[in-house]
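Q: with the sequence up front, the predicted model follows.
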Amino acid sequence: MSGLRRLGNRLQTIREVLGHFARSQSFVLIPLVLVLLAAGLLLVLTGGLAYVAPFVYALF
Amino acid sequence: MFARVLEDERRHELYTRELLVRLSGGEAAAARALRASVRWELKRTWLRHGRALSNHLFTATMWLLYLVIAPFALVMRARAPRASGWR
Amino acid sequence: MTAVLGVSAHYHDAAAALVIDGRIVAAQHEERLSRIKNDASLPKRAMDAVLRLGGISAGDLDAVVFYENPYAKLERVLVGTLRAFPRALRQFPRALGSQLGGKIWVMDALADALSIPRARIELVRHHQAHAASAVYCSPFERAAVMVVDAVGEEACTSLWHADAEGLRELTHIDYPHSLGLFYAAITAYLGFEVNDGEYKVMGLAAYGKPARREEMARLLKVASDGSYELGLDYFDRFTRTELGYGQKLIGLLGPARSPFERWDLTTERDRAYADIARSAQDALEDALIAIATEAKRRTGEDALCLAGGVALNAVANRRIAREAGFANVFVQPAAGDAGGALGAAILGALTRGSPRPAPLAGADLGVAVAGAPIATHARALGLIALPVVDVASAIADAIAAREIVACVQGRCEWGPRALGFRSILARADDVEMRERLNRAVKKREPFRPFAPVVLESDAAAWFAGGANAMTPFMTTVAEVLKPEALPAVTHVDGTARVQTVGPSTQLGAVLGHLKQRGDIPVILNTSLNGPGEPMVATATDALSFFVRHGVDRMFIDDVMLTRPA
């Protein structure tokens, strides 16, 4: 699958995440989600996600 | 005494160098091998520092994140108290 | 043709299921192919396997349905950790990292893995998938449906009503009030592994007395309307996620048991832990009966379908069947999260106009084995591999001769129970068989029972109540009528997790042969896996099992394996 199509899929997911928060009553969280997505990108770039231990339970 | 130690060390260096030339099969090849090991050392140093740097960056990002989160946390707690029972 | 693939992944047991034109074609757990117990990763192997079993390629799929809504889950995690913010400090980056770093991108990952357009991928709700998997595999036209698990998106317990018009949600109880998490916390407290050790708590409970009932009432409060509430102070989900219980629970029940000590139920200390297991099991059962009674009141139906991980508690299922006022109770064999894949596929098929699936006839929905090719490998390993004409009668002969027989026949099971397709079989009337099995293969704790299998027509003669809608899938227990005759499969409380089979199945034929010979027509049936391993799926796994473990004889399809003398 082409990289462009994959990028399109990713953007679609981001749209759906924001759409979900807009529909549910948690729209106040949208700015936070945006910040987190940005922070997530930063964490991926800095390798911080290597610290994400495997989860033992289904909470998260 | 130091002078003698130094002389001894120099002998070691010469001997190792000779060994390297012999094993790698020539003066030029030995120089190449030395340059490769310097590059390897540099990479290691970068990785070490990069790791420390990313650690700091991670901590800083997290602090920033917590500062951003705190007001949201307050809002969420005020807005939607947790409910039990059939919904 | 309408083909829908259902997928569950990312939490505990990943799986894939395929429904074509309203027929359940295949369903496969990922762990059995990846050989990683409770594998939660995107089930690429399982998806591949079910597509191959269905004889189609990913491009032929009309839809791929994921078994829950990852965005709603993200919202719950976000809101939950924010509400508990200063306490949840340490969990926050982890929780959000695992959500944002992987789980919310599941639709993209599925599109990539299957090379299909993302628009063909859909979502259903977690409990909706569970409910569908239960009711649309059941023999009932209309039924009340009760879903009880750890947590889906928000709901931990939900009630549904299914009839000709469809499946509708009636009500639900939200996170964090979860019976699954309650039982998981007790499992961890007793030193067992969460998501795997719940069966051990259930087995251990039979050895205890309900001496800690009052303490349990503080952990789990049941209201008069059938709802319940957890004493949240006792459950620390944010600073000790790996355990789920807090310091306050230790204050209430005493120090937690170390996972590294051997169990010895002759000591007072371990008997006290058995009392805790029993009290927790009783509290769970009481809550479930209250919920089921409420389901009866709200729907007035005669039949109840159960799903969700808690529905795998076979002991509780018996009490629900007896006490909640339903004439019939059904539990789909893969009641846990893997089952969500099947529910998701069925829901996707129904919305595309496919007919409702026929009642589930057997749990053999996974990959199949063929004997001939594996015989060559077996001989290369120095084993004796002989073709057998009448497999059932050969199995019966071996069992009668007090051998431990591994049985690898047809397609592998859907759900956690071995139902005769990937089973170890032995005589049920000889307690020595149980001891030998434990020494040679299973290495189980002394308090975990083995299950019996019996012909439907003989069930009533050996087990109280006989066959019902649950017994074909081993999801309930029954009182053993002649415990002295079946010592290898009777638990300490006089019950057994019985499986019934029809005469036309292979296991039924084995039992028929034993009966003809004048032997007891009940045999011990346990899963074909070593300790901590997923169940065997392919013929290669089976061969590797036979090499490593001390079973006497193995039947792979029509090939009989033995060791040279």
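A: Arrived safely, thanks for sending.
Q: CA atoms for contacts and neighbours, from now on please.
A: OK.
Q: can you pull out the helices in chain B?
A: Applying DSSP state H to chain B gives helices spanning B:2-24, B:27-79.
Q: of those, which is nearest chain C?
A: Closest approach to chain C among those (CA to the nearest CA): helix B:27-79, 4.6 Å.
Q: return the distance of the closest one from the chain's centre.
A: 8 Å (CA atoms, centre = their mean, to the nearest Å).
Q: can you count the residues close to the one residue in chain B that gets nearest to chain A?
A: Nearest to chain A in chain B, going by CA to the nearest CA, is B:Ser54, at a distance of 5.3 Å. Taking other CA atoms under 10 Å in any protein chain shown as the criterion, the count of residues near B:Ser54 is 16.
Q: now do the same for it: its pLDDT.
A: For B:Ser54, the model assigns a pLDDT of 74.
Q: separation between it and C:Met433?
A: As defined by CA to CA, to the nearest Å, B:Ser54 lies at a distance of 58 Å from C:Met433.
Q: A:Glu16 now?
A: 57 Å.
Q: between these two, which one's more packed in?
A: Legend: neighbour count by other CA under 10 Å for A:Glu16 and C:Met433, higher for C:Met433 (21 against 14).
Q: what is the subsequent helix or strand relative to the one helix or strand the more buried one maps to?
A: Per DSSP states H and E, C:Met433 falls inside helix C:431-437. Under the assignment DSSP H and E, the closest C-terminal helix or strand after helix C:431-437 is strand C:451-455.
Q: could I have that next one exported to CSV, CA atoms only?
A: What follows is strand C:451-455, C-alpha atoms only, in CSV (Å, rounded to 0.1, in the frame of the first residue of the first chain):
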residue,chain,number,x,y,z
ALA,C,451,-13.2,-32.7,33.6
PRO,C,452,-15.2,-35.7,32.4
VAL,C,453,-16.9,-36.3,29.1
VAL,C,454,-20.0,-38.5,28.7
LEU,C,455,-22.6,-39.3,26.0
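Q: just the mean pLDDT for that strand, thanks.
A: If you average the pLDDT over strand C:451-455, you get 97.
Q: which residues in chain A form helices?
A: Residue ranges of the helices in chain A, as given by DSSP H, are A:3-23, A:30-46.
Q: let me fix that, I meant to ask about the stretch 301-450 of chain C.
A: C:314-323, C:339-351, C:371-380, C:391-400, C:431-437 (DSSP state H, counting those that start in this stretch).
Q: deepest in the core, which of the ones you listed is it.
A: helix C:339-351 (a mean of 30; mean count of other CA atoms under 10 Å in any protein chain shown).
Q: a markdown table for the helices of the stretch 301-450 of chain C, including distance to C:Gly208 and mean pLDDT?
A: Formatted as a markdown table, these follow (distance: least, CA to CA, whole Å; pLDDT from 0 to 100):
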| stretch | distance to C:Gly208 | mean pLDDT |
| --- | --- | --- |
| helix C:314-323 | 14 | 96 |
| helix C:339-351 | 32 | 98 |
| helix C:371-380 | 46 | 94 |
| helix C:391-400 | 33 | 96 |
| helix C:431-437 | 22 | 90 |
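Q: out of those helices, which is closest to C:Val453?
A: Nearest to C:Val453 among the helices of the stretch 301-450 of chain C is helix C:391-400 (13.1 Å), distances taken as CA to CA.
Q: show me which residues of the lowest-mean-pLDDT helix or strand in chain C are buried.
A: Least confident helix or strand, chain C: helix C:85-88 with a mean of 73, by mean pLDDT, DSSP states H and E. If you call a residue buried by 16 or more other CA atoms under 10 Å in any protein chain shown, then helix C:85-88 has these buried ones: C:Phe85, C:Ala88.
Q: give me the distance from it to the chain's centre.
A: 34 Å.
Q: ok, that helix near chain A or not?
A: No - figure legend: helix C:85-88 not in contact with chain A (CA under 8 Å from any CA of the partner chain); closest approach 12.1 Å.
Q: low-confidence regions, the chain specifically.
A: No chain specified, so I'll use chain A. Within chain A, the segments meeting pLDDT under 70 span A:1, A:39-60.
Q: hm, I was asking about chain B
A: Across chain B, the ranges flagged by pLDDT under 70 are B:80-82.
Q: and the strands in the stretch 1-150 of chain C?
A: C:3-8, C:15-20, C:23-29, C:63-66, C:121-123, C:143-148 (DSSP state E, counting those that start in this stretch).
Q: cheers, nothing more for now.
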